[in-house]
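A.B. asks: structure here, sequence nowhere to be found:
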């Protein structure tokens, strides 16, 4: 998996941040590790995928909070995927923000995961 840091965030954002379509496929929480882990799997528009779509897996180590608002049958990220670093925590917003540069208030986000470290991997959908 690829670890996202403040230095590598630009590369991830260029590939997924401005994409306005993603669908959450699964969410799991594991408490059996040294620290809690949350894994989110999405199908998302991927600017590097030949089909324009990939299955993207996020792993949030040391996760501290999670919220998914079931406004529809399945959470859709119409404003893209956004990641922000705030002190010693990282926030993954599943439904970003129209202007993308401002961090959302947690109450404004369709779905988010908060933790200590985030990593990701993507597999092209043929």
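C.D. replies: Yep, it's here. This one's a predicted model, so the numbers in the text were calculated from it and none came from an experiment. Residues are numbered from 1 along each chain as shown.
A.B. asks: show me where the protein has its helices.
C.D. replies: Under the criterion DSSP state H, the chain contains helices at 9-12.
A.B. asks: give me the helix or strand of the protein that scores worst on average pLDDT.
C.D. replies: strand 65-68 (a mean of 83; mean pLDDT, DSSP states H and E).
A.B. asks: and that strand, which strands flank it?
C.D. replies: Using DSSP bridges, strand 65-68 pairs in its sheet with strand 111-115 (antiparallel).
A.B. asks: now the partner strand, how far from the centre of its chain.
C.D. replies: 8 Å (CA atoms, centre = their mean, to the nearest Å).
A.B. asks: what of stretch 84-91?
C.D. replies: Centroid separation for stretch 84-91 versus its chain: 13 Å, with CA atoms, centre = their mean.
A.B. asks: buried sites along it?
C.D. replies: 84, 89, 90, 91 (16 or more other CB atoms under 10 Å). C-beta: built from backbone N, CA, C; applies to glycine.
A.B. asks: over to stretch 115-122?
C.D. replies: 115, 117, 118, 120, 122.
A.B. asks: would you format those residues as CSV with distance to residue 50 included?
C.D. replies: Formatted as CSV, those follow (distance: CB to CB, whole Å):
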residue, distance to residue 50
115, 31
117, 30
118, 26
120, 19
122, 13
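A.B. asks: can you tell me which of these end up in strands?
C.D. replies: 115, 117, 118, 120, 122 (DSSP state E).
A.B. asks: and of the residues you listed, the nearest to residue 1?
C.D. replies: residue 120 (6.3 Å; CB to CB).
A.B. asks: tell me what that closest one is bridged to.
C.D. replies: residue 2, residue 58.
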